[in-house]
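# Need coordinates for the below:
(one chain, ligands or ions: 1)
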Amino acid sequence: VWVVPDFAGGVTHTNTYTHPLTTRNGYLMTIATLTNVSKRYPGIDRPALENLSLSIMPGSIVVLVGANGSGKTTAMEILSGLREADSGSVVINGRKVVPGGQHRYDIGVQLQEGGLPQRLKVKEAVRSVSALYQDPGPVDSILHQLGLTDRMNQMVDRLSGGWQRRLDIALACVGRPQLLILDEPSSGLDPMARAEMWEFLRSLRSRGTAVLASTHDLTEAEAFADRLLLLHQGKLLLDGTVPQVLASAGGEWRIRLTEASDQTEAFLRNRGERPLRQGENISVVGERHHLERLSRDIDLERAAGGLSYSDLLSGPIRLEDVYAYAANLTPTASTSGGSS
Ligand SMILES: Nc1ncnc2c1ncn2[C@@H]1O[C@H](COP(=O)(O)OP(=O)(O)OP(=O)(O)O)[C@@H](O)[C@H]1O
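Coordinates of the predicted model:
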């Protein structure tokens, strides 16, 4: 059961989703579990993570989104055992994660600042990482899928940022990881390379690998996530499938009024709507027909001189709308999350 806070109505409700790997007695196989993980960096007032709980199932792509500084990298570093939490527990494949622990053999990690050996050729880097494992994965196939085959003789430090990123991801996969932890794997990749990268991750997932990947690209998150996690100021605000998360703002449609006046906001409130103001813009989320009717009424009211805005945009709800709504949650409504 994943808990999705219904912030439109302010009531927490639960949505059920049966993962294909649910056992007959209802238990879900998990590859990784974080329980009540908190972390505060010295000298920084706000915790980087606060009571973060989540579990990751094999054969799923879990996408972590959140604004700069929301705690994504910290969560991934703690899950990888590269950083210690102040409190809470982290378990991978039944083993407690400790720095340098045995869990390392179950995971592949690509962090934002890749630790690639710069003074090697690509093929030498691949060979030296493969040598660390008794039974390395299908290296040729990994390199091919990530488009690296033609670059094997290039020096690593001569690769562009995007190619280094691809090599970093390839190296993270060499040890046949059961869990891949990727911090912004698509950043710096051109659109074709992004598509190839996600296709590659989906091929791993179909063989049972779990992937935890962060991104700032919400369109990408919406397209490829089996499950979405939204972190906000170190807390898990939303956790669910894409449809669950999209539904949690309270409707399948949204209108957005740009450069909208305070009278416009008051007009909406008087009609019982729950407008969300972000700077000069106002959004309303709801049911499509209702919002289409509302749009016509807003237009008429503007024609009558009662309110002002520069544009009215109407369309299906997108993750960025949900994100904006979720980030405006009151703290009490935002503490739900995690999974069981
Ligand atoms: N080594 C560090 N020392 C002190 N504070 C840190 C350190 N690393 C991160 N922080 C702080 O912890 C918070 C979470 O940072 P983190 O890098 O985990 O966020 P993020 O979501 O990955 O951000 P981004 O999207 O910018 O990569 C931020 O406030 C950040 O400034």
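# mind showing which ranges of the stretch 51-200 of the chain have poor pLDDT?
114 (pLDDT under 70).
# Spell out which parts of it neighbour the ligand.
66, 68-74 (C-beta under 6 Å from any ligand atom). For glycine as for every other residue, the C-beta is placed from the backbone atoms N, C-alpha and C.
# can I get these in TSV with neighbour count and secondary structure?
Below are those laid out as TSV (neighbours: other C-beta atoms under 10 Å; DSSP: H, G, I helix; E, B strand; the rest coil):
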residue	neighbour count	secondary structure
Gly66	25	coil
Asn68	6	coil
Gly69	14	coil
Ser70	23	coil
Gly71	25	coil
Lys72	25	helix
Thr73	19	helix
Thr74	22	helix
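# quick one: buried residues of stretch 273-292?
Neighbour-count burial for stretch 273-292 flags 273-276, 281-286, 291 (criterion: 16 or more other C-beta atoms under 10 Å).
# Could you tell me the average pLDDT over that stretch, please?
Averaged over stretch 273-292, pLDDT sits at 93.
# Tell me how the chain divides into domains.
Split into domains by automatic domain parsing, the chain comes to 2-247, 253-316.
# Could I get those domains in JSON lines, plus columns for distance to Val322?
Below are the domains of the chain laid out as JSON lines (distance: least, C-beta to C-beta, whole Å):
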{"stretch": "domain 2-247", "distance to Val322": "6"}
{"stretch": "domain 253-316", "distance to Val322": "8"}
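# Need the winner for burial among those domains.
Mean neighbours per residue, mean count of other C-beta atoms under 10 Å, is largest over those for domain 2-247, with a mean of 18.
# I'd say Val284 and Gly272 touch.
No. Under the criterion of C-beta atoms under 8 Å, Val284 makes no contact with Gly272, lying 10.8 Å away.
# Show me whatever sits in contact with both of these two.
With C-beta atoms under 8 Å, 6 or more residues apart in numbering applied, the contact sets of Val284 and Gly272 do not overlap.
# so for the helix or strand encompassing Leu312, what's the average pLDDT?
Using DSSP states H and E, Leu312 maps to strand 311-316. For strand 311-316, mean pLDDT is 95.
# Contacts for that strand, please.
With C-beta under 8 Å, 6+ apart, strand 311-316 has contacts from 252-259, 291-292, 295, 298-299.
# Pairing partners for that strand, with directions?
Strand pairing for strand 311-316, using DSSP bridges, gives strand 253-258 (antiparallel).
# The strand it pairs with: how far from the chain's middle?
In terms of C-alpha atoms, centre = their mean, to the nearest Å, the centre of strand 253-258 is found 24 Å from the chain centre.
# Can you show me the strands along the stretch 151-300 of the chain?
Under the criterion DSSP state E, counting those that start in this stretch, strands of the stretch 151-300 of the chain are mapped to 179-182, 210-214, 227-232, 235-240, 253-258, 276-278, 281-286.
# The second one: how far from the chain's middle?
Taking the mean of its C-alpha atoms, strand 210-214 sits 8 Å from the chain's own mean (C-alpha atoms, centre = their mean).
# Measure how it sits relative to strand 227-232, angle-wise.
30 degrees (axes from the mean of the first three to the mean of the last three C-alpha atoms, to 10 degrees).
# what about strand 210-214 and the ligand, any contact?
No. Strand 210-214 lies out of reach of the ligand by C-beta under 6 Å from any ligand atom, never closer than 6.7 Å.
# Gly59 belongs to a strand?
No. Counting by DSSP: H, G, I helix; E, B strand; the rest coil, Gly59 is located in no strand; its state is coil.
# can you tell me which two in the residues of the stretch 51-200 of the chain next to the ligand are farthest apart?
Farthest pair in those (C-beta to C-beta) is Asn68 and Thr74. Separation: 12.4 Å.
# List, out of the contacts of strand 311-316, those positioned next to the ligand.
Answer for those near the ligand: none qualify (C-beta under 6 Å from any ligand atom).
# Geometrically speaking, which residue is the centre of this structure?
Closest residue to the average C-alpha location of the chain: Leu64 at 1.9 Å, with C-alpha atoms, centre = their mean.
# Please state the backbone phi and psi of it?
When quoted as degrees, to the nearest 10, the phi and psi of Leu64 stand at phi -100, psi 120.
# Surely it touches Thr73?
No. Contact criterion C-beta under 8 Å: Leu64 and Thr73 do not qualify, at 9.6 Å.
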